[in-house]
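after the sequence you'll find the predicted model.
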Amino acid sequence: MKEEKVDVAIIGGGPAGLAAALSAKRVGAGKVLILDRNKELGGILFQCIHNGFGLHRFKEDLTGPEYAQRFIDEVKEMKIEVKLETMVMEINSSREILATNHKEGIFRVKATSLVLAMGCRERTREMLSIPGVRLAGILTAGVAQQWVNLEGYLPGKEVVILGSGDIGLIMARRLTLEGAEVKAVVEMMPYPGGLIRNVVQCLQDFDIPLLLERTVTFIYGRNRVEAVTVAKVDAKGESIPGTEKVIPCDTLLLSVGLIPENELSSLARIEIDSSTGGPVIDERMQTSVDGIFACGNVVQVHDLVDYVSQQGEIAGKSAALYALGKLKPAKRIIKLKRGRNIRFLTPQRISDQEKVTLFIRVANPEQKVKLRVGEGIIEQTKPLVRPNQMVVWTVPFGDFKLSDLREMEVSVIREK
């Protein structure tokens, strides 16, 4: 079996993996290798032909392909090795990779350091347990996006979208522009799941109804979807009898959340955070396994690709320093705990860095609040926090004496 040795191996060629590879190379890593199962680099970005990418990073309004191409061009310029159409089958805690492709067959890669950037996948109908037989016309919003934007197929003409995640909102507009009628976007929560700008631009601007605190309780049809039942839900998410309404349609799109792809992480016995579904990391993006780093949507699902790239750069730099023997061991470990109204938080632990960027998603919307770390160690006022918008907070931990602390709580506090 062929075996290859590299300084930094990166699994995944999406925005996180591309940023990690470039960062690792800039820091001075020798051989950097990207492994990706797709036919081209860029991940999901090439089917995201809408604009709104790069506003934070490049201060420009780019489409997904435009954003990806900027990184791909740099990867080519820096002559970073890439293996496409390559499936990684196994990894272990010794940073050994077992992979396969049609050119080389099965081969091994031994990496001095390893970056996980596998991204995420969509939740399916099976995870929702919606009654009804198996029919044509039920698909995830991401698959519909691929059909319309890359393959030129319209999945249906009368559409109901379950879930108001960003992909579902964007597809509501896209399908409308292609001539389909979007009957409604149905959301179980009392607030939309996607960015407010997408609610305005994709639903309100096209007069598409957003039905909050409702869900699909039944799917009708023989060979293809013919209608769905939509009902109101209570605070526990259970349907309320007598509130049912049947909506005729031929297609049901599911936009009900994303799950980090961490089957490989589990093989390497990396500690997984039950709240994010991704690896537990420190501020250098290092996981619980020495020399293995993780970044992007494999750590937690982001709302903006700019933050995915930011995490990728941190992971790539750290992986390169580790490979070069220059990543200093942590002098201490402080665990960050989720406090009041914190749905998830990364990193989950910090060491002795001067500044740490926290990525936070709250559980419930609130106005006039403060983000707090520890017992009043540092606070930041926020006029509004929403579950559908990640809070990114750079905390200057180096300004505080934390030598005696072993854990700190991050919370959202109401202002008095």
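Happy to help now that I have it. Computed from a prediction, not measured in an experiment: that's the story for all the values here.

for stretch 174-185, which residues meet the burial criterion?
Going by neighbour count (16 or more other CB atoms under 10 Å), the buried part of stretch 174-185 is 174-176, 180, 182-185. Where you see a C-beta, it was placed from the backbone N, CA and C, and this is true even at glycine.

redo the residues you listed as CSV? Include pLDDT and distance to Arg26.
Formatted as CSV, the buried residues of stretch 174-185 follow (pLDDT from 0 to 100; distance: CB to CB, whole Å):
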residue, pLDDT, distance to Arg26
Arg174, 97, 36
Leu175, 98, 41
Thr176, 98, 43
Ala180, 97, 45
Val182, 98, 44
Lys183, 98, 49
Ala184, 98, 48
Val185, 98, 42
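
for Val385, state which of the residues you listed is nearest.
The shortest approach to Val385 among the buried residues of stretch 174-185 belongs to Val185, at 22.9 Å (CB to CB).

give me the beta-bridge partners of the closest one?
Assessed by DSSP bridges, Val185 has beta-bridge partners Ile161, Leu210.

any idea how far Pro209 is from it?
Applying CB to CB, to the nearest Å, the value for Val185 to Pro209 is 7 Å.

what does Cys202 give?
Per CB to CB, Cys202 is found 12 Å from Pro209.

repeat that for Asp306.
31 Å.

those two: who's more crowded?
Counting neighbours by other CB atoms under 10 Å for Asp306 and for Pro209 shows that Asp306 has the greater number, 17 against 11.

next up, the contacts around that one.
53-57 (CB atoms under 8 Å, 6 or more residues apart in numbering).

check these and tell me the two furthest apart.
Phe53 and His56 (9.6 Å).

more neighbours: which of those two?
Neighbours of Phe53 and His56, each counted by other CB under 10 Å, are more numerous for Phe53; the result is 25 against 13.

could I get the pLDDT score of that one?
Here the pLDDT value assigned to Phe53 is 94.

for the buried residues of stretch 174-185, which one is nearest Lys401?
Val185 (49.8 Å).

I'd assumed Gly165 was in contact with the closest one.
No. The pair Val185 / Gly165 is not scored as a contact, 9.9 Å apart, by CB atoms under 8 Å.

please enumerate the strands of the stretch 51-200 of the chain.
Assigned by DSSP state E, counting those that start in this stretch, the stretch 51-200 of the chain shows strands spanning 81-83, 87-91, 96-101, 105-116, 120-122, 138-140, 158-162, 181-187.

Ile270 is nearest to which of those?
strand 105-116 (8.1 Å).

paired strands for the closest one, with orientation please.
When DSSP bridges is applied, strand 105-116 pairs with strand 2-11 (parallel), strand 96-101 (antiparallel), strand 292-294 (parallel).

next secondary structure after the first one?
Proceeding N to C from strand 2-11, the next assigned helix or strand is helix 15-27, under DSSP states H and E.

the helix or strand just after that following helix pairs with which strands, and in what direction?
Counting by DSSP H and E, the next helix or strand C-terminal to helix 15-27 is strand 32-35. Paired neighbours of strand 32-35 in the sheet (DSSP bridges): strand 2-11 (parallel), strand 81-83 (parallel).

contact partners of the last one?
The reference is to strand 81-83. Here strand 81-83 makes contact (CB under 8 Å, 6+ apart) with 6, 13, 31-36, 41, 75, 99, 101, 104.

quick check: buried residues in it?
82-83.

avg pLDDT for that strand?
On average, strand 81-83 scores 98.

what does the first one give?
Confidence for strand 2-11, expressed as mean pLDDT, is 96.

list of residues touching it?
With CB under 8 Å, 6+ apart, strand 2-11 has contacts from 17, 20-21, 24, 29-36, 81, 88, 91, 95, 97, 104-105, 107-118, 264, 316, 319-320, 323-324.

which residues of the chain fall in helices?
Along the chain, the segments classed as helices by DSSP state H run 15-27, 64-77, 141-146, 166-177, 196-198, 263-267, 305-323.

columns distance to Arg222 on top of these, output as CSV?
Formatted as CSV, the helices of the chain follow (distance: least, CB to CB, whole Å):
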stretch, distance to Arg222
helix 15-27, 42
helix 64-77, 37
helix 141-146, 22
helix 166-177, 24
helix 196-198, 35
helix 263-267, 36
helix 305-323, 41
